[in-house]
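A.B. asks: Sharing a model prediction with you, sequence too.
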Amino acid sequence: MMIRSLRRAALAMTLLVTITGCAALGGGKAPPYLLTLTADAVPAAGAMRSSADARKLTVMVPAAPQKLRTPRIPVQQSDGAIAYVVEGQWVEAPARLFHRLLADTLAAKTGRLVIDEGLTSGSGGEQLAGQLLDFGVDARTNEAVVVYQAMVIADAGRTIRQQRFEARSRLSVIDGRSAGDALSRAANRVAADVAQWVGD
């Protein structure tokens, strides 16, 4: 009887561990690490702006093509072939990561009151919308590539201006960590160019 009880307890414990492991891993193998973007320029701690003395700019999450609606890093192998980096992936979709990096850079480099689209509605001022057209690796040139089509909407939609921004960063080997670092460098260059274009 005691042996049977011990066997049942061991089986129950094994099932519990298996179920817990599946829930934690989402049913698949966990990546060795997760990647994120870090802005080179961020607002100083304690810095304050208000709508009374600064122009408002609402930063929208950019639209993205299907290949970027995943936490994996796309690798353009030829004009018609895309693969993904085997190891390493973003903590979330790159459009949202780029959106936060862009907002931080704009807040740090311009005199604008930068507002996240998810935090307010009907805030007035200008809006920065756009499309993240590329955010991956070009295996043909061994470069990380970031392409952002920016659009500033003002005067309640009566005035629109747009510009395309692109930055590339070399990498010696195509793996998760190298691709993540190179994409972070390229994303920061694009964000700095957008901040200069938007201006104060």
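C.D. replies: It's in. Since the structure is predicted, the reported quantities are computational estimates derived from the model, not experimental observations. Numbers count the residues shown, from 1 in each chain.
A.B. asks: only C-alpha atoms for contact and neighbour calcs from this point on.
C.D. replies: Fine.
A.B. asks: which SS class is residue 86?
C.D. replies: Judged by DSSP: H, G, I helix; E, B strand; the rest coil, the three-state class of residue 86 is coil.
A.B. asks: Please work out how many residues are found near residue 172.
C.D. replies: For residue 172, the neighbour count with other Cα atoms under 10 Å is 10.
A.B. asks: which residue packs closest to it, ignoring adjacent ones?
C.D. replies: residue 142 (6.9 Å; Cα to Cα, 6 or more residues apart in numbering).
A.B. asks: how much space between that neighbour and residue 76?
C.D. replies: For residue 142, the distance to residue 76 (Cα to Cα, to the nearest Å) stands at 10 Å.
A.B. asks: Going by contacts, tell me the helices and strands next to the helix or strand in which residue 83 is found.
C.D. replies: Take DSSP states H and E as the rule and residue 83 turns out to sit in strand 81-84. Contact here means 3 or more Cα pairs under 8 Å, 6 or more residues apart in numbering; DSSP states H and E; on that basis strand 81-84 packs against strand 74-78.
A.B. asks: Contacts for the strand it packs on next, please.
C.D. replies: 67, 68, 82, 83, 84, 85, 135, 136, 137, 138, 139, 140 (Cα atoms under 8 Å, 6 or more residues apart in numbering).
A.B. asks: Compare these and tell me which has the most neighbours.
C.D. replies: Going by other Cα under 10 Å, residue 137 tops these with 31 neighbours.
A.B. asks: so what pLDDT did that residue get?
C.D. replies: If you check residue 137, the pLDDT there is 97.
A.B. asks: so after the helix or strand residue 129 falls within, what's the next helix or strand?
C.D. replies: Assigned by DSSP H and E, residue 129 belongs to strand 126-138. Sequence-wise, the next helix or strand downstream of strand 126-138 (DSSP H and E) is strand 143-154.
A.B. asks: Tell me what angle that following strand forms with strand 126-138.
C.D. replies: Relative orientation of strand 143-154 versus strand 126-138 (axes from the mean of the first three to the mean of the last three Cα atoms, to 10 degrees): 170 degrees.
A.B. asks: Ranking helices and strands of the protein by mean pLDDT, which lands last?
C.D. replies: helix 2-25 (a mean of 36; mean pLDDT, DSSP states H and E).
A.B. asks: returning to that earlier point: other SSEs contacting the strand holding residue 129?
C.D. replies: strand 56-59, strand 74-78, strand 143-154, helix 176-198.
A.B. asks: rerun that using 10 Å as the cut-off
C.D. replies: For strand 126-138, the elements it packs on are strand 56-59, strand 74-78, strand 81-84, helix 94-109, strand 113-116, strand 143-154, strand 159-170, helix 176-198, judged by 3 or more Cα pairs under 10 Å, 6 or more residues apart in numbering; DSSP states H and E.
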